[in-house]
Every structure is written in structure tokens, then in C-alpha cells.
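Novice: here you go, sequence then predicted model.
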Amino acid sequence: MNKIELHIVALSHHVTQSHNYAVVLGEKNGNRRLPIMIGAVEAQAIVVAIEGMVQHRPLTHDLFKNTLEKFDIELVEIAIVNYIDGIFYASLICKKDGEFYEVDSRTSDALAMAARFECPIYTNEEILQTAGLTLSEDEQETESKESSIKSKKKQEPALSKNSIEKLQQMLEDALEQEDYEKAAKIRDEINNRK
């Protein structure tokens, strides 16, 4: 496979399909994007890992990560290997005792694992040409400005008035309601107090 490295650029709620989200992968050294539709549970699994949210008990992907680590299996990379009839196919590329193993995976699960292991995500030229989008210079500039603005946003003033216990409860409520943006703000407020 002629490997093209991708990274997670955005995760957004799908406007017309209320229970679906789009995770957008960006070409690491280019202007192409690969949007992939995923479900709400999968979106939560990715956001929890990207935002570094700590759960009281391990989620399924955390359990799988813990299992791999316990048995000294390294997740080397994620490969999006095929695109057939609107469905992406992915593999986890693992290494144990110098041997490489390929494990079939749903793409959403593979991305959740990549976020936890901070390992690279790859695809090939054929998939990017078939299912990818190319951003214009204006779109690239807008995307760059939006990510810059998001990184500079300050915490909601109302959060600072709550106790840690109250913030923990608010965080759990936000996660249950799948309000990931609010959950991230609450998590940041909790982390700022540590």
C-alpha cells in the first residue's frame, strides 16, 4: 500500500442524520480530507481519547488498549485499507515479539484506538481519490483560523463558580447527553484546578 498519513482534523455532528457524526481526517502534508460517518457511541470514544477525559471505569476501547499493553502488544499504526459501497475498511497493525499482525477493524474503532495509542493513521491514494475531498486555499485558511480560534477559547466563567464535585457531576451529565464540547470545557476547568 502506498501509504499516505492522515490525522484527525475534526469531529462534527451530522446535520441531517441526528445520531451520526462525521470524523474528518486530513492529509498530513496536503490539502485533502477524508470524511467518515460514524455513530454517536464511536464519536464519544474518539472524543474521550482526544480530549484526554478520564473515566471512572475503562470504556471498551480503553479495555482493549489495556489488554494489548498487558500482553506487550504494540499498536504500530492504523490502516484504512479499502472503500467498498460507501463503507471504509480498516486494520490495526500490531507488533509482538518482532512479528507484525494485521487485525480487521471497523474504521471508527480503529480511529478510537489510534487516538488512545497516538499512533499514525494511513490510507492509500485510491481511497483518497475515491472518497476524499480537496480543500481550496480559502477553505484551508478558514479551517486554520477556526482551529486557532478554538485553541484560544477561554473557559466559561460560570464553570469557575462550581466545586470540583459539582464539576465532576456536570462532566458525567455532559458525556451522557453526548455534549462533547461542554464536556471538554468542564474537563479543562477541572484540570486547571489541579
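Specialist: Right, received. Where do you want to start? Given the structure is predicted, the values throughout are model-derived calculations rather than measurements.
Novice: ok, residue 65 touching residue 116?
Specialist: Yes: in this structure, residue 65 is within contact of residue 116 by Cβ atoms under 8 Å, at 4.8 Å. Bear in mind the C-beta positions are built from the backbone N, C-alpha and C, glycine included.
Novice: so between those two, which is more surrounded?
Specialist: residue 116 (21 against 18; other Cβ atoms under 10 Å).
Novice: contacts for the strand or helix carrying the more buried one, please.
Specialist: In the assignment (DSSP states H and E), residue 116 maps to helix 107-117. Here helix 107-117 makes contact (Cβ atoms under 8 Å, 6 or more residues apart in numbering) with 8, 23, 25, 36, 38-39, 42, 45-46, 49-50, 61-62, 64-65, 75, 77-78, 80, 88-92, 105, 119-121.
Novice: those strands in the chain, which residues are they?
Specialist: 4-13, 20-27, 32-39, 74-84, 87-96, 99-106, 121-123, 133-134 (DSSP state E).
Novice: out of these, nearest to residue 190?
Specialist: strand 4-13 (21.1 Å; Cβ to Cβ).
Novice: from the contact counts, what lies against that closest one?
Specialist: Counting contacts by 3 or more Cβ pairs under 8 Å, 6 or more residues apart in numbering; DSSP states H and E, strand 4-13 is packed against strand 20-27, helix 40-50, helix 107-117, strand 121-123.
Novice: next, the angle from the third one to strand 4-13.
Specialist: Our comparison of helix 107-117 with strand 4-13, counting by axes from the mean of the first three to the mean of the last three Cα atoms, to 10 degrees, yields an angle of 100 degrees.
Novice: how far off helix 40-50 does helix 107-117 point, in degrees?
Specialist: 20 degrees.
Novice: how much space between residue 94 and residue 112?
Specialist: Separation of residue 94 from residue 112 (Cβ to Cβ, to the nearest Å): 15 Å.
Novice: more neighbours: which of those two?
Specialist: Between residue 94 and residue 112, counted using other Cβ under 10 Å, residue 112 has the larger neighbour count: 31 against 17.
Novice: helix or strand with the lowest mean pLDDT in the protein?
Specialist: In the chain, no helix or strand scores lower on mean pLDDT, DSSP states H and E than helix 137-152, which sits at a mean of 52.
Novice: hang on, the earlier thing: restricting to C-alpha, output the helix holding residue 116 in CSV.
Specialist: The C-alpha trace of helix 107-117 is given here as CSV (Å, rounded to 0.1, in the frame of the first residue of the first chain):
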residue,chain,number,x,y,z
THR,A,107,-12.8,2.2,10.9
SER,A,108,-14.4,4.0,13.8
ASP,A,109,-12.9,1.6,16.3
ALA,A,110,-9.5,1.8,14.6
LEU,A,111,-9.6,5.6,14.9
ALA,A,112,-10.6,5.4,18.6
MET,A,113,-7.6,3.1,19.1
ALA,A,114,-5.3,5.5,17.2
ALA,A,115,-6.4,8.3,19.4
ARG,A,116,-5.5,6.3,22.5
PHE,A,117,-2.2,5.0,21.3
